[in-house]
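Engineer: pasting the structure only:
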């Protein structure tokens, strides 16, 4: 299509539901027909009808979202930005309050653990970003189980070992890592911070850890690779496109750019329904649409941000595609999202380099077990059926989901994992403090590792052995018998001794 | 009795406790002697003494309740309604507030899951209706266990299967169903919505699912059959009458009308005490009765609405009656309310078509186990003792109780159920939104099935196999050791990092 | 000692800490030296120094407490009551508020279950009485476990049995009982109601159940026997006196008066510390004593009401005493408070008639297991070691503690108990409503039994068999891993759909 | 260094960040360079710049902290205190409120259990002291598990034993003890009370129990030994110094002074991060330091009080050091902080006198198991592998952590422990009431032992046998499946019967 150049005035006339043009990154698009399909609702687009929507567009969409979703004939051409009237950004009261909270963040030195980032991020992020990052599938039981599962594993530490020098560096898929942790792939980093995933790349480079670049990053793949320092390893997380040519091109480009491992996501043929995220959408609705239940029903908003960015994912991906992947790249290939030993065994037999035992941070299938629980059965069965022991350099096991402390990681290592993926905590770290936050998070991990390896009696990663944990309760999925409210309401709690003054007042 | 025609004026004179006549559907009844026996209390009847009580009567009673319960000599005849003074319906403040809430219901598009219907229904239903629908036996532990039991079962999903096309339709007792779900029988639909069970019939017809018509429907049986569209299958739930002739007539009429399966309720020889429902009664009491403990005691109100509608149920029903049922109908016969493998085996050996593993929604025997838990032992024992595998076309297993998500249903299917009965969620759906609500509920199920089958790696119902779930904790009925309140009250919780402003204020 | 007759005036002069006389039931006592030892504190006695203390004395003390505790020389003689000035009973604000609450009790017909009695009793009893009845050992974990343990047992009900006629009467130690329940022994009934244990005797007589008369009743033994109707059976609970002659006389008197079973308490060589009860004491302290920590310490108030009434109990009671008991009475002898199978076996081998598996309502040894849990191991071991099956007429097993519903009793019967003792619920019933309350409680049990036996598919007590319960979780004493407060505080709960109005306000 | 004598005036000139001198115990120190390293922050030191800091210094630091941490050249000499201007101690509002609370403490007679001390201490201690004593590792799950683990153990008491005389005295490492409890080592006693650990020594002497003197006491070792009465046994807890000469001198001095047992701490090569304690530090910061995240980051405050006092501890301590310890002392040597049977076995094979199964009060490695749980596996494995039975005089097992009641101790004894260490409860006792508090705590233990041994049916410590407890649930580390908030919020709790008045208002 010939690149036409339009003027702001011309565009400004298309500012109605009947004819709606918008500008994004200096390009003009006719989105009239797209309006009712926009997962975020039409209202938010109409606000920018005839105007420059770039500032609103950027944090929510991957770079190519608009070009990929609109047919070529709706790409109207370029615009001379000097002719475009600036959009007056009106700052809402809610946003002002949020900005105030941003200015009130405590200094990083007061951030003592990874939970603290989340506590601050929750207050300084936009509601939309918080909903997208924090939400998970259905009743969000799985996301919490991911964390809770670690609490069913307890340590059996050893004493009287010279732990003056402890070293928690390791190798992941052959690459050196200062921590047995990698930064796993998560989408839409700019929702939390204008630099998006670059915060992760830069902090990873400084601290010697590996970042897994997400297919659905807010920053472009090359931006993130360019930001790496010499010697910094990066992995790639891959959503496989229905159009395999696109995937092949992307994978081979990645390999050429030096990516050290290819993690193919296999637990998300369809992106999950995340109801917190979905509820957020209704805020941005055109009242004209929502008043009539029938009309509103016609538009399926059921997958919110997820749908906007994931429609290309191939639901037909199959074990039979594995040889093809092996044929197009020499990178080690790992399946991300394996959830039972049978599939781990298939991956091993298919000659892959490893698997990530993961339920996608609890965002996909509700009631899928935690990675750490699956790890226990995978290790047992691959030993029994193929004689493997773990950690194993030829076939590496990773887990992700629910990690908040070095102790969590140590448990996974003891049970056979090579390394552990950490996602949300780093998102919250940069959402609250940018790159500094991610660095502080890594430093906290380092501090916790130093101490806890000493206390565990392990001087190196290889000294962290299965006997150091008791995971015998890991498969227990208990729900207490529902409470007997009448009995409980009659029971009067014990009271402690009390100060006299307080007593006399009561 | 000769049909006499009375005038409104004549009737209006019988407006006291000493002589109390009322009009229902154009007929006149002398209820003077019935007053102290009315399960809903005499006060509510006296309010309509000498007047037309139809509007009050309809939602609470099955069509024939009054004719069945009053001796023929109390049926006084017809009334020329034009001679009857309209009852001024006084709308209470409480009812006005409720009507306001009705007008504030969110659009259906904001209803994201089945819990949402309940959250809205609870606010827009009358207290009486809510108490009847939501109440259960004793301390209501069983009703909650029904839901909680599903949380003790976790998935073992499979990956890398081509899940582009997934199909969750199935056959139930040989009838096609678009979902592995049927709408189970529940009583008194008009309490929740003026169209009562018709909401279910119509939505079921549109969505290709099967409705089980209850014996105690607010709508008449024929109304519900007449409302079915061509090709729409319906089942019948049967409370067996002490007078078997009545039962035989009803069953044979149902068969003639095309009913495809007969579900005989076997867990309710006596309807349960449901205390929430019972407490509701006292609101409608005549103060003259309640002031004296002794007097109030004379009237057994202990079963509220349940007693009003269930006195005919035969407490003597026995295994020896089964051959008789088989002799009067060719419909497949299923026992509804089986609660241990021993009875499932007896049912199989008796040549029945299946069993519903159910504890009647927690409304009958407190501490009876959930259907999903019973399913596990039934499948194991019928395999061991009769070599059966499930799902099994010849002897079908159903479960009901506690289902809120497609994942619940998938667990039951994986463990061997043919289909799952869902009751209260549909009641709440139509109580809040009528037929549209039921349709939305079915659509939500469809959406959840599509996604979750993909995520589970099952393309058809038959691919949902036992290995896809871990139900090893299902029989665990744990109650935590009671809390140590003194210790807990001394323990000071951890605090997160806080914004500075908040900090300085504390 | 010669019975001297004193005048009110004479007595009134001894109204100081230095010389303190009081009148109880027309007798005069010099309690000067007893003041610092009084478990209830000296202040409460000093309030009646020189006056008639009968009204205050009666509800808290067994009839003979004062005569038994004061040496004979302090029994000064009788008083001509006409010469005694009436004590102006000053009604405190707190007591007025309580009396108001008494007048607000709901009618008995609104009491739907045994919990309701407790809810009302808690509000209408004096704080002192509530503390004494409701308190238990240490952290009161055991008392709650007694109830919770029943929740770990679930039913396996049977269907399609003709349950038109169900009969839950039974025989206990050969005596007929309309319910498989007996009223167990509890002390100080007059704390809750002026008629004390007579409420129980009378209600038991009307409803055909057996009352176990407590050694520490507020009413005298003969009063309670006299109140029985012809054919009414009674048992006796025995605290063994260090002076065996007293015990022998008491036991033989009981046998002569027709008592049908002798329950020797074996779990209370020393009465428990019950801290709620102990805290209550400090209210009644003389300020002069409490200001100085050292002084207050000298008096051991540690057992409150318990100590006042229990100092005679023999800590030396031994298995070797059993033959002596058998020699002094022909009544069946049962040990009350057996807590492991080893002691049940010893009791059987000693030729006793049975045991009560009990931890004294959680009031003695904290962390002793519930009777229902102990029952499971006793039945298993007596079967294995002596070939016994239960229920067994020759050696009967009873349990008590934590029972609130007929379902609890049914579980105990299924597991082998002959009958179940119920204590506190009846105390609360008469504390709230006197004899009528106890009758209502028994009626509720009858209603629940009728329904639940039908629903369980058992027509007689003998049809309630072990297969009808799943008690496989009974020995699980679980405490959840302590909560991760930082994680939990960051987690944001799911929200239901909301009405529009509510939404706009938030 | 020659002891120079300075004047107050001279010192007062060094009152700035650039040159900061302080006086402690009549000695002058130049702390200018130490300012940024002070774990408590520089602000608190600057407050005393040029002044006498003794009163502030004493409760927080062990006697030699300043001399040990400052290089000799910063020890400037002595001061003539008469020339020093008194520091006006300004009492903050918070401290005034605290002093008021101190005056409101209830009399000791109202302290009924060990929890009560904690409830009072929490209100009368400084926040700093409370944070130091009560804090624990990471999310403080382990500290609470230490207590909770006891709740998974239940009693199997025996009856009908003559328990008139019960005796709970025992021998610990050959020394007589009136209780099977010793006072374990805890640091910084003066934080809670000006007499510090002397409170413990004196109370221990009066009650015949053994105190373990901590290396990090606020009082000096000799002070504590001097305070012992004739015949009073004491143990020593040892943190091993990197400079073994110091350790040797200390150990041999201790032996000479009559110490009866040497407990080498092996679970703390590095002192734990305790976040509650760490948060406390920021209160004492110089605002100039905290405003800039980067600057504040340079100073590692991560170990608060712990770091100040522990930098000398040898991280290189090893099994190979054990023979050396045996060569320098004849005292029985016990390892404190063993956490699995393998290390207990190594200790036994190394010829040591015993081990303390402990996780350092939950202050070191989060998710290390409780001592009582470890005890179960140690006893089982040492029996299996070395044929040992416990309690065993040759190799004694101790546990500490979480004990609040005599029942806790009885459980440990039954499972094989010789005695149990109790720490925090005694700290809270003296923080609230000084020596009297500790004595009261010991008296409460005595009262509880007398009663509970009677109720358990054990007359001596040796009669407390393994069969008296059921510890079968001890290894269960359960976390409930996360709650289903939508379901739970829809569920409407049962309501009890209510008083009429209350009802009409609602």
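Structural biologist: Cool, the structure landed. Values in this document were obtained by computation on a predicted structure and should not be read as measured data. Numbering: from 1, shown residues only, chains lettered A, B, ... in the order given.
Engineer: where's the closest residue to chain D within the stretch 301-450 of chain A, which helix or strand?
Structural biologist: The stretch 301-450 of chain A approaches chain D most closely through residue A:407 (5.4 Å), counting by Cβ to the nearest Cβ. C-beta: built from backbone N, CA, C; applies to glycine. Residue A:407 is part of helix A:406-415 when elements are defined by DSSP states H and E.
Engineer: can you tell me if that helix touches chain C.
Structural biologist: No: using Cβ under 8 Å from any Cβ of the partner chain, helix A:406-415 never reaches chain C; the gap is at least 10.9 Å.
Engineer: What lies in contact with that helix?
Structural biologist: Contacts with helix A:406-415, where a contact means Cβ atoms under 8 Å, 6 or more residues apart in numbering or on different chains, come from A:150, A:153, A:155, A:180-181, A:371-372, A:375-376, A:379, A:390-391, A:399, A:402-403, A:419-420, A:445, A:448-449, A:452-453, A:456, A:458, A:461, A:464-466, A:468-469, A:471, D:138, D:365-367.
Engineer: try stretch A:391-398
Structural biologist: By Cβ under 8 Å, 6+ apart, the surrounding residues in contact with stretch A:391-398 are A:171-174, A:182, A:334, A:344, A:347-348, A:352-358, A:375, A:378-379, A:382, A:388, A:390, A:413, A:416-421.
Engineer: Can I get the buried part of those residues as one ChimeraX selection?
Structural biologist: Restricted to buried positions by 16 or more other Cβ atoms under 10 Å in any protein chain shown, the ChimeraX selection for the contacts of stretch A:391-398 reads:
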select /A:171,172,173,182,334,344,347,348,352,353,354,355,356,357,358,375,378,379,382,388,390,413,416,417,418,419,420,421
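Engineer: Tell me which of the contacts of stretch A:391-398 fall in strands.
Structural biologist: Under the assignment DSSP state E, these contribute A:171-172, A:182, A:334, A:354-357, A:419-421 to strands.
Engineer: Which two of those residues have the greatest separation?
Structural biologist: The span of the ones in strands among the contacts of stretch A:391-398, defined through Cβ to Cβ, is set by A:171 and A:357 at 19.2 Å.
Engineer: average pLDDT for the helix ranked longest in chain A?
Structural biologist: Ranked by number of residues, the top helix in chain A under DSSP state H is helix A:424-456. Per-residue pLDDT values over helix A:424-456 give a mean of 98.
Engineer: One more: stretch A:397-415?
Structural biologist: Across stretch A:397-415, pLDDT averages out at 98.
Engineer: what about that stretch, start to end distance?
Structural biologist: Using Cα to Cα, to the nearest Å, the end-to-end distance of stretch A:397-415 comes out at 10 Å.
Engineer: so the closest residue to chain C within the stretch 101-250 of chain A is in which element?
Structural biologist: Relative to chain C, the nearest point of the stretch 101-250 of chain A is residue A:115 (3.8 Å; Cβ to the nearest Cβ). Element membership for residue A:115 (DSSP H and E) is helix A:114-124.
Engineer: And the next helix or strand past that helix?
Structural biologist: Assigned by DSSP H and E, the successor of helix A:114-124 is helix A:127-134.
Engineer: For that next one, list every residue counted as buried.
Structural biologist: Neighbour counts over helix A:127-134 (16+ other Cβ under 10 Å) mark A:128-134 as buried.
Engineer: That one to helix A:114-124, inter-axis angle?
Structural biologist: Orientation check (axes from the mean of the first three to the mean of the last three Cα atoms, to 10 degrees): helix A:127-134 against helix A:114-124 gives 150 degrees.
Engineer: And the contacts of helix A:127-134?
Structural biologist: Under the contact criterion Cβ under 8 Å, 6+ apart, helix A:127-134 has outside partners A:59-60, A:94, A:121-122, A:125, A:186, A:188, A:191-192, A:274, A:276-277, A:279-280, A:304-305, A:424, A:427-428, A:431, C:492.
Engineer: same check, this time on stretch A:237-250
Structural biologist: By Cβ under 8 Å, 6+ apart, the list of residues contacting stretch A:237-250 reads A:184-185, A:212-216, A:221, A:251, A:262-265, A:268, A:310, A:312-317, A:321, A:324, A:328, A:336.
Engineer: tell me the contacts of residue A:499?
Structural biologist: Residue A:499 sits next to D:101, D:104-106, D:120, D:123 when contact means Cβ under 8 Å, 6+ apart.
Engineer: roughly how far apart are the most centrally placed residue in chain A and chain D?
Structural biologist: Geometric centre of chain A, nearest residue: residue A:186, 2.9 Å, by Cα atoms, centre = their mean. Counting by Cβ to the nearest Cβ, to the nearest Å, the separation of residue A:186 from chain D is 21 Å.
Engineer: For the stretch 401-506 of chain A, give the residue positioned nearest to chain B.
Structural biologist: residue A:482 (3.7 Å).
Engineer: how deep is that residue tucked in, by neighbour count?
Structural biologist: Residues within reach of residue A:482, counting by other Cβ atoms under 10 Å in any protein chain shown, total 21.
Engineer: relative orientation of the longest helix of chain A and helix A:127-134 in degrees?
Structural biologist: Here the directions of helix A:424-456 and helix A:127-134 differ by 40 degrees (the same axes, to 10 degrees).
Engineer: can you tell if the next helix or strand after helix A:424-456 touches chain D?
Structural biologist: For helix A:424-456, the succeeding helix or strand toward the C-terminus, using DSSP H and E, is strand A:469-470. Yes: residues of strand A:469-470 contacting chain D under Cβ under 8 Å from any Cβ: residue A:470.
Engineer: Below-threshold pLDDT in chain A: ranges please.
Structural biologist: Scanning chain A for pLDDT under 70 picks out A:1-3, A:39-40, A:281-310, A:501-506.
Engineer: out of the contacts of helix A:127-134, which touch chain B?
Structural biologist: residue A:279.
Engineer: ok, of the contacts of helix A:127-134, which come out buried?
Structural biologist: The neighbour count (16+ other Cβ under 10 Å) marks A:59-60, A:121-122, A:125, A:186, A:188, A:191-192, A:274, A:276-277, A:279-280, A:304-305, A:424, A:427-428, A:431 as buried among these.
Engineer: what's the span of stretch A:15-31, first residue to last?
Structural biologist: End-to-end distance of stretch A:15-31: 11 Å, with Cα to Cα as the criterion.
Engineer: List the buried residues in it.
Structural biologist: A:15, A:20-24, A:27-31.
Engineer: For the stretch 51-200 of chain A, which segments count as helices?
Structural biologist: Secondary structure of the stretch 51-200 of chain A by DSSP state H, counting those that start in this stretch: the helices cover A:54-57, A:65-69, A:93-103, A:114-124, A:127-134, A:141-148, A:198-207.
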